[in-house]
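# make a model of this:
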Amino acid sequence: MSKVSRPRGSRDADHEAKRRDLLGRMATRLMSRTVARPSLRDLAAAAEVSVPTLRHYFGSRQAVVDAVMAECLRRGREGLEALRHSDLPFADSIRLYADSLVRALQAPRDVVLGDVFAVSLAEGVMDPDVGISALNHIIEPTLQVLEARLQVHVQRGEMIPVDVRAAGLMLLSPLLLASLHQNQLQGSHVRPLALEALAAAVSDGFVRAYGRGGPGPVASA
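Numbers count the residues shown, from 1 in each chain. This is a model prediction of the structure:
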């Protein structure tokens, strides 16, 4: 008796479900930072499958890392999109963003957001091809959401008209670097820093520089 094949849509759904399950296991492993740049064999072990099986679903290690970063973005998309817009006045909105980012980077989860940034940056610096994945799935989505938030304040007339991408980098960079310094790089044991106080100082300085009626950014010579 011939074997009845399953409908194509059912097979595709099963394949995607299995792939998503593997990604969940590997995301925890890759982003845990317990092993520097885990190999494809390490990732296969974390997913509890063989290396050939992992290659079947994803391909190369580079493709696996890209898929894990994309999965991290998928999981965090809802929270990220919540930062895209604020009805608060400019100063309050910027302060809330800074505080929210610092808290989110440190919040205890199965996959800590600060670890996601740390691993993505490390992987991207070590492998330029993976660097594109880090930009597309981690860095740029974070920056673009902030750009959109700032553009709202420009349109309201609360913020001076500037390149919101450059302004976003001015706000995001010190907060991200300080969090990595204190947590992933163990700076809290070497030179402790009150991240909440830093968030307040950075946001206050940003508002003074870019708010309507403020001194504005310093022009280059």
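
# neighbours around residue 55, how many?
Neighbour count for residue 55, taken as other Cβ atoms under 10 Å: 16. The C-beta positions use only the backbone N, C-alpha and C, and glycine is treated the same way.

# helices of the protein, start to end?
Assigned by DSSP state H, the chain shows helices spanning 8-30, 40-47, 51-57, 61-81, 90-106, 113-126, 128-134, 140-156, 164-182, 187-190, 195-210.

# okay if I get these as JSON lines plus mean pLDDT?
Shown next, in JSON lines, are these (pLDDT from 0 to 100):
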{"stretch": "helix 8-30", "mean pLDDT": "81"}
{"stretch": "helix 40-47", "mean pLDDT": "93"}
{"stretch": "helix 51-57", "mean pLDDT": "95"}
{"stretch": "helix 61-81", "mean pLDDT": "94"}
{"stretch": "helix 90-106", "mean pLDDT": "97"}
{"stretch": "helix 113-126", "mean pLDDT": "95"}
{"stretch": "helix 128-134", "mean pLDDT": "94"}
{"stretch": "helix 140-156", "mean pLDDT": "98"}
{"stretch": "helix 164-182", "mean pLDDT": "98"}
{"stretch": "helix 187-190", "mean pLDDT": "96"}
{"stretch": "helix 195-210", "mean pLDDT": "98"}
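
# looking at residue 34 now. What's its pLDDT?
pLDDT recorded at residue 34 is 74.

# would you agree residue 120 is in contact with residue 134?
Yes. The criterion here is Cβ atoms under 8 Å, and residue 120 meets it with residue 134 at 4.1 Å.

# overlap in contacts, the two.
Counting by Cβ atoms under 8 Å, 6 or more residues apart in numbering, the shared contacts of residue 120 and residue 134 are residue 69.

# the residue nearest the centre of the chain - nearest residue in space that isn't next to it in sequence?
Using Cα atoms, centre = their mean, the residue of the chain that lies closest to the mean C-alpha position is residue 138, 3.7 Å off. Distances taken as Cβ to Cβ, 6 or more residues apart in numbering place residue 120 nearest to residue 138, at 4.4 Å, with adjacent residues excluded.

# report how many residues lie close to the one you found.
Counted with other Cβ under 10 Å, residue 120 comes out at 24.

# cool, residue 183 as well?
With other Cβ under 10 Å as criterion, residue 183 counts 17.

# state the distance from it to residue 118.
According to Cβ to Cβ, to the nearest Å, residue 183 and residue 118 sit 8 Å apart.

# what of residue 93?
Taking Cβ to Cβ, one finds residue 93 at 27 Å from residue 118.

# over to residue 37?
12 Å.

# more neighbours: the two, which one.
Applying other Cβ under 10 Å to residue 37 and residue 118 shows that residue 118 carries more neighbours, namely 20 against 14.

# was I right about the more buried one contacting residue 33?
Yes. Here residue 118 reaches residue 33: they are 6.7 Å apart, a contact under Cβ under 8 Å.

# which residues do the two both contact?
With Cβ under 8 Å, 6+ apart, residue 118 and residue 33 have common neighbours residue 184.

# which non-adjacent residue is nearest residue 125?
Residue 125 sits nearest to residue 131 (Cβ to Cβ, 6+ apart), 6.9 Å away.

# that neighbour and residue 137 touch, don't they?
No. Assessed by Cβ under 8 Å, residue 131 is found out of contact with residue 137, at 11.2 Å.
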